[in-house]
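>>> below are the sequence and a predicted model; questions follow.
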Amino acid sequence: MFSSGTAPTTRRARPTVLLVLAIAVALAATVALLGDRPSAASPRATVPDAPVRLAAGVPDAGDPAPAQAPPLEGTGGEASALESDGGVADGVTVFDDDVPAVAKLDAHLRDALRAAAHDAADDGVTFVVNSGWRSAAYQDQLLREAVAQYGSAAAAARWVATAETSPHVHGDAVDLGPWRATTWLSTHGSRYGLCQIYANEAWHYELRPDAVDHGCPPTYADPTHDPRMSQ
């Protein structure tokens, strides 16, 4: 037993040891926190804050458009042409009689489009005309641009017909958007005689009256498989 006048040294040292340990833990935590911050030379500091945009013309992952789109047809690119030649500005509908691309469509095709568009509106779907009737000169321009883009007349023919064979020049075809409109037509179009003609052009529709009773005929893989294109 210790005498009443003497304090044990072990009891006096215990608070000091605890204080030293606390300081050491605090210092270690501070060093770890500072070390976790990226420096100016850190690789993470060079990562851009904004997402990288896709190159022009490359569809987004959620875009239902075809993986390979033509140079102009069905994309709204026709706005660069004169309206009198069939150029179409943004937002033109099948009801715009003051636009030659719509006004010069075959009357039966135009009537079928308007009947379908009226019913599609009940489902919240709007038909936008990206291209309709075209002059022969404008069709020739599109073909030249397609040849330049795809590198050969054979490759371009998968997307753009000649002025002599294109149904657009005769007012017998229309290119529609957006994708909700073509999706709606893929389900309901046959009851109006409106049919997709080419598997690679979901936007290209023509009138097939027999489709009302018998459904739309099978699609061609692309225009090069259409017998009309070789006439």
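Received it, and whenever you're ready, just let me know what you need.

>>> count the neighbours of D140 for me.
17 (other C-beta atoms under 10 Å). The way it works is simple: take the backbone N, C-alpha and C, and place the C-beta from them, glycine included.

>>> what of L105?
Number of residues near L105 (other C-beta under 10 Å) recorded here: 24.

>>> leaving out the residues flanking it, which one is nearest to G215?
S190 (5.1 Å; C-beta to C-beta, 6 or more residues apart in numbering).

>>> make sure V147 is indeed in a helix.
Yes: judged by DSSP: H, G, I helix; E, B strand; the rest coil, V147 forms part of a helix.

>>> could you pull out the helices for this protein?
Using DSSP state H, the helices of the chain run over residues 9-35, 100-103, 107-121, 136-150, 153-156, 179-188, 211-214.

>>> just the endpoints, please. Distance across stretch 201-216?
Terminal residues of stretch 201-216 lie 15 Å apart, using C-alpha to C-alpha, to the nearest Å.

>>> buried ones in it?
Residues of stretch 201-216 classed as buried: 201-208, 211, 216 (neighbour count, 16 or more other C-beta atoms under 10 Å).

>>> which helix or strand in the chain has the lowest average pLDDT?
The weakest-scoring helix or strand in the chain, judged by mean pLDDT, DSSP states H and E, is helix 9-35 (a mean of 47).

>>> counting neighbours, what do you get for A120?
Counted with other C-beta under 10 Å, A120 comes out at 19.

>>> likewise the one 10 residues further on?
N130 sits with 23 neighbouring residues when counted by other C-beta under 10 Å.

>>> so it touches W203, yeah?
Yes: using C-beta atoms under 8 Å, N130 is in contact with W203, at 6.6 Å.

>>> what about S84, distance to V94?
Note on S84: its distance to V94, by C-beta to C-beta, to the nearest Å, is 19 Å.

>>> more neighbours, the two?
Taking neighbours as other C-beta under 10 Å, S84 and V94 compare with V94 leading, 26 against 10.

>>> I'd say the more buried one and A121 touch.
No: counting by C-beta under 8 Å, V94 does not reach A121; the two are 11.0 Å apart.

>>> that older thread, which pLDDT value belongs to the residue nearest to G215?
Note on S190: pLDDT of 98.

>>> kindly report the same for P38.
For P38, the pLDDT comes out at 39.

>>> got it, and the one 5 residues further on?
In the prediction, the pLDDT value recorded for P43 is 33.

>>> and for P178?
In the predicted model, P178 carries a pLDDT score of 97.

>>> give me the neighbour count for the nearest residue to it once chain neighbours are set aside.
Spatial nearest neighbour of P178, excluding adjacent residues (C-beta to C-beta, 6+ apart): V128 at 6.3 Å. By the measure other C-beta under 10 Å, the count of residues near V128 is 19.

>>> re the thing from before, out of the buried residues of stretch 201-216, flag the one nearest to H168.
H168 lies nearest to H204 out of those, by C-beta to C-beta, at 9.0 Å.

>>> now this protein, which segments are flagged as low pLDDT?
Applying pLDDT under 70 to the chain picks out residues 1-80.

>>> now the residue nearest to P178: how far from V174?
Distance, V128 to V174, using C-beta to C-beta: 11 Å.
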